[in-house]
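> Please find the sequence and the predicted model below.
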Amino acid sequence: MRILFVCTGNTCRSPIAEGIFRKLARERGIDAEVASAGVAAVAGLPISRHAEGVLKDQGIHDQITSTPLHAELIEWADLILTLTGGHKQQAIAAFPEKADKIYMLKEYVEDDEVVLAEQAELSRLIADLELSRALGQALEEAKEQRIRELLQRMPRYDISDPFGGSREDYNLTAQEISAALEKLIAKLEKERLR
C-alpha cells in the first residue's frame, strides 16, 4: 500500500506523519510505502527545525524535504490522508477524479459506530441536497434540519497547525498525529488479516 500525507507547506504536519508512520509500519511489519506533500508547498524546503526535533526524539532521522502536491503523487498513492478538511477540499478540487481515495487522517481512522452511521447518513442527505439543487427542486425542510443537526454533532478532524509555534506546540501536534497513526496501523493490520 502507498500512503500520501498532505498538509499545507509540507514542512510540519505531513512530514511528521510521514516519518512516524514509516517507523510504525516498519516496526509492525506493515508493507507500506509513504510520502508527504503540501497543497501550497515550495519544492525542496527542509522541514521545520521543531518538526525535525520531534522526529529525532523518536529516533527518526529521515531526510524529508517539501514537495508540492502534483498529479504523479496522486496517481502513485493508494490512499491520500490530509491533515485538515481544508487540505481535503483542496486536493479534491484539484483532482476530483481521485476523490474516492482522499480522506482526512482522523476521519479515515474513525471507529465510533455511532459517528460512522451519522457520517453515512449525512453523506446520503448531502447527495439528496445536491441532486435536488441540480433538478431545481427544494429539499424537504426536515432533511435540511437533519443536515444541520448532523453537521453540528460531527467530530472535528483537523489536526492542529504548529507552524510558527513553540516546540511544545509541535510536541502536542505530534501526539495528536501519533494517536491517529496508531489507529491507522491497527486498521491496516485488520485489513491485512482479512
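Nice, thanks for sending it over.
> what packs against the longest helix that the chain contains?
When the chain is parsed with DSSP state H, its longest helix is helix 167-193. With contacts defined as 3 or more Cβ pairs under 8 Å, 6 or more residues apart in numbering; DSSP states H and E, helix 167-193 has these neighbours: helix 13-28, helix 49-57, helix 105-108. Every C-beta, even on glycine, is put in place using the N, C-alpha and C of the backbone.
> got these as a markdown table, with distance to Q90, mean pLDDT and mean neighbour count columns?
A markdown table is the format used below for the helices and strands packed on helix 167-193 (distance: least, Cβ to Cβ, whole Å; pLDDT from 0 to 100; neighbours: other Cβ atoms under 10 Å):
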| stretch | distance to Q90 | mean pLDDT | mean neighbour count |
| --- | --- | --- | --- |
| helix 13-28 | 13 | 98 | 23 |
| helix 49-57 | 21 | 98 | 18 |
| helix 105-108 | 15 | 96 | 22 |
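> Throw these into a markdown table and include distance to F5, thanks.
Listed next are the helices and strands packed on helix 167-193 as a markdown table, based on distance: least, Cβ to Cβ, whole Å:
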| stretch | distance to F5 |
| --- | --- |
| helix 13-28 | 4 |
| helix 49-57 | 12 |
| helix 105-108 | 7 |
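> sec struct for Q63, please.
Secondary structure state of Q63, per DSSP: H, G, I helix; E, B strand; the rest coil, is coil.
> burial count for it?
Neighbourhood size, Q63 [other Cβ atoms under 10 Å]: 7.
> Next, it: phi, psi?
For Q63, the backbone dihedrals are phi -90, psi 100 (criterion: degrees, to the nearest 10).
> Show me the beta-bridge partners of the residue nearest the centre of the chain.
In the chain, the centroid-proximal residue (Cα atoms, centre = their mean) is T82; its distance is 2.6 Å. The partner list for T82 in beta bridges (DSSP bridges) reads V6, M104.
> any idea how far A41 is from it?
13 Å (Cβ to Cβ, to the nearest Å).
> gap between the residue nearest to the centre of the chain and V39?
For T82 relative to V39 (Cβ to Cβ), the value is 8 Å.
> do G86 as well
8 Å.
> Where do the domain boundaries of this protein fall?
Segmentation of the chain into domains, based on automatic domain parsing, reads 2-110+158-193, 111-154.
> Count the residues that sit near the residue nearest to L139 when sequence neighbours are not counted.
With Cβ to Cβ, 6 or more residues apart in numbering as the criterion, L139 has its nearest non-adjacent residue at 4.6 Å, and that residue is S132. Counted with other Cβ under 10 Å, residues neighbouring S132 total 15.
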